[in-house]
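Trainee: The amino acid sequence is not available; the structure is as follows:
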């Protein structure tokens, strides 16, 4: 989850605001954009501006891949429109990829699906090292624009990113063979 960080005078702090310690500035992605709070303002966690999740699930990639084991699956990347092109999506995906490397399963790739008409997301993932594996024209998407919920067919592209390079940068060495055949 990515949250906006706001500076507020102490008088404006509401009970439900979570106050951040000023020593946490290194944990804030764009802390250099915050002005120094010499007037007594405090940092509070603002609204959620982005979200992404990674889970482990069985997701077949077809012939040539070890499809018997669950693999990391990236899903639900979303950044509010006003915060796009700011690096938040990249930081969220980075955090998910790092989380996968910390799992005990020693996964070597991460998979995702993206709808074929989402050109900006496809370009985003390609820039981050994700590659096409196959397209699936049998997927469904729910249309919520009308009174009744409708299922529409949509083609999704399956993409993967190999994580061996990230492991090498972290100084990890694999003794067992990777899951790709």
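Mentor: Received it, and whenever you're ready, just let me know what you need. This structure is a prediction, so every number in the text was calculated from the model and none was measured.
Trainee: Run through the neighbouring helices and strands of the lengthiest helix in the chain.
Mentor: Among the segments of the chain that qualify as a helix by DSSP state H, the longest is helix 88-102. Applying 3 or more Cβ pairs under 8 Å, 6 or more residues apart in numbering; DSSP states H and E, one finds that helix 88-102 makes contact with strand 2-8, strand 42-57, strand 71-79, strand 109-115, helix 164-169. Backbone N, C-alpha and C define where each C-beta goes, glycine included.
Trainee: wait, which of these is closest to residue 100?
Mentor: strand 71-79 (4.4 Å; Cβ to Cβ).
Trainee: Off-centre distance for the closest one?
Mentor: Mean C-alpha position of strand 71-79 versus that of the full chain (Cα atoms, centre = their mean, to the nearest Å) differs by 5 Å.
Trainee: contacts for that strand?
Mentor: 2, 49-59, 61, 86, 88-89, 92-93, 96, 100, 103, 107, 109-113, 121, 179 (Cβ atoms under 8 Å, 6 or more residues apart in numbering).
Trainee: Using CSV, lay out the helices and strands packed on helix 88-102 together with mean pLDDT.
Mentor: Converted to CSV, the helices and strands packed on helix 88-102 look like this (pLDDT from 0 to 100):
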stretch, mean pLDDT
strand 2-8, 79
strand 42-57, 87
strand 71-79, 95
strand 109-115, 95
helix 164-169, 64
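Trainee: Listing partners with orientation, what would you give for the helix or strand harbouring residue 141?
Mentor: Using DSSP states H and E, residue 141 maps to strand 131-143. Strand 131-143 has the following sheet partners, assigned by DSSP bridges: strand 150-162 (antiparallel).
Trainee: which of the residues in the partner strand are buried?
Mentor: Residues of strand 150-162 classed as buried by neighbour count (16 or more other Cβ atoms under 10 Å): 156-161.
Trainee: Ok, stretch 129-140 next?
Mentor: Within stretch 129-140, the residues scored as buried using 16+ other Cβ under 10 Å are 130, 133.
Trainee: got a list of contacts for it?
Mentor: 61-62, 65, 111-113, 115-116, 151-162.
Trainee: Figure out how far it is from the centre of its chain.
Mentor: For stretch 129-140, the distance to the chain centre is 18 Å (Cα atoms, centre = their mean).
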